[in-house]
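**Q** Sharing a model prediction with you, sequence too.
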Amino acid sequence: MANDAAKKRMKANAAALALMRSFLAVTNVVYAMSMVVVAIRHAPLTRGLVLWAAYLGVEGGLYAFLSSSAAPVRDAQGVLVSAGTDLAAPGFIEYTRDALTVTTSAHALCAATAWGSLLLLSVPMYAVYMAAYATARRSSNALSAIGGGAEGTPTAALPGRAQEGNRRARRASGRR
């Protein structure tokens, strides 16, 4: 079949979206039950409702983006034109799925402890780590290119550098 791969991608995307929906539903039910328990004990619901609304907004936006990206495109006759974006693809879709997973996990942790939102700090901390790693790698590559940084890099092999060496080697090559 010509669209066999597209149909497989549609099924894989539908399974991934169903898993995300169930994870979101379980998280929200657990959080709602924890809010009821806290409200029965002693605390007002204001903080919990604001936090719940914030999490629902972020999670809903991320899920809506992923589901619209994975939606299949059909022509006027109903023939499948595109199966939608592969939700297992690396890049922006992968980062969006990771953000949804971290946000939902932090939401679930907030049901157990007030410190659960600190899990959200893992995303910018990872971004800072990756930026620092890329900068360090780029600067070490630049230093090795000019001959000032990397150990074990012979200066004769670097572009633009005059060949240095002992006198015998220079005489043998005909240079002074």
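**A** That came through, no problem. Numbers count the residues shown, from 1 in each chain.

**Q** Pick out the residue nearest the middle of this protein.
**A** The centroid of the chain falls nearest to residue 95 when counting by C-alpha atoms, centre = their mean (2.9 Å).

**Q** So which bits of the helix or strand harbouring that residue are buried?
**A** For residue 95, the element it lies in under DSSP states H and E is helix 92-112. For helix 92-112, the neighbour count (16 or more other C-beta atoms under 10 Å) marks 93, 96-97, 99-100, 102-111 as buried. C-beta coordinates here come from the backbone N, C-alpha and C atoms, glycine included.

**Q** Residue 26: which of these is nearest?
**A** residue 108 (8.0 Å; C-beta to C-beta).

**Q** So which other helices or strands are in contact with the helix ranked longest in the chain?
**A** When the chain is parsed with DSSP state H, its longest helix is helix 4-41. If contacts are counted by 3 or more C-beta pairs under 8 Å, 6 or more residues apart in numbering; DSSP states H and E, helix 4-41 sits against helix 46-70, strand 80-82, helix 92-112.

**Q** Can I get those in JSON lines including distance to residue 38 and mean pLDDT?
**A** JSON lines is the format used below for the helices and strands packed on helix 4-41 (distance: least, C-beta to C-beta, whole Å; pLDDT from 0 to 100):
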{"stretch": "helix 46-70", "distance to residue 38": "7", "mean pLDDT": "88"}
{"stretch": "strand 80-82", "distance to residue 38": "46", "mean pLDDT": "84"}
{"stretch": "helix 92-112", "distance to residue 38": "9", "mean pLDDT": "89"}
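
**Q** can you put these in TSV and add distance to residue 8?
**A** Putting the helices and strands packed on helix 4-41 into TSV (distance: least, C-beta to C-beta, whole Å) gives the following:
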stretch	distance to residue 8
helix 46-70	13
strand 80-82	12
helix 92-112	17
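
**Q** Out of those, which gets nearest to residue 138?
**A** Of the helices and strands packed on helix 4-41, nearest to residue 138 by C-beta to C-beta is helix 92-112, at 21.4 Å.

**Q** Could you double-check that residue 112 sits in contact with residue 34?
**A** Yes. With contact defined as C-beta atoms under 8 Å, residue 112 reaches residue 34; the gap is 7.3 Å.

**Q** got the phi/psi numbers for residue 71?
**A** phi -70, psi 130 (degrees, to the nearest 10).
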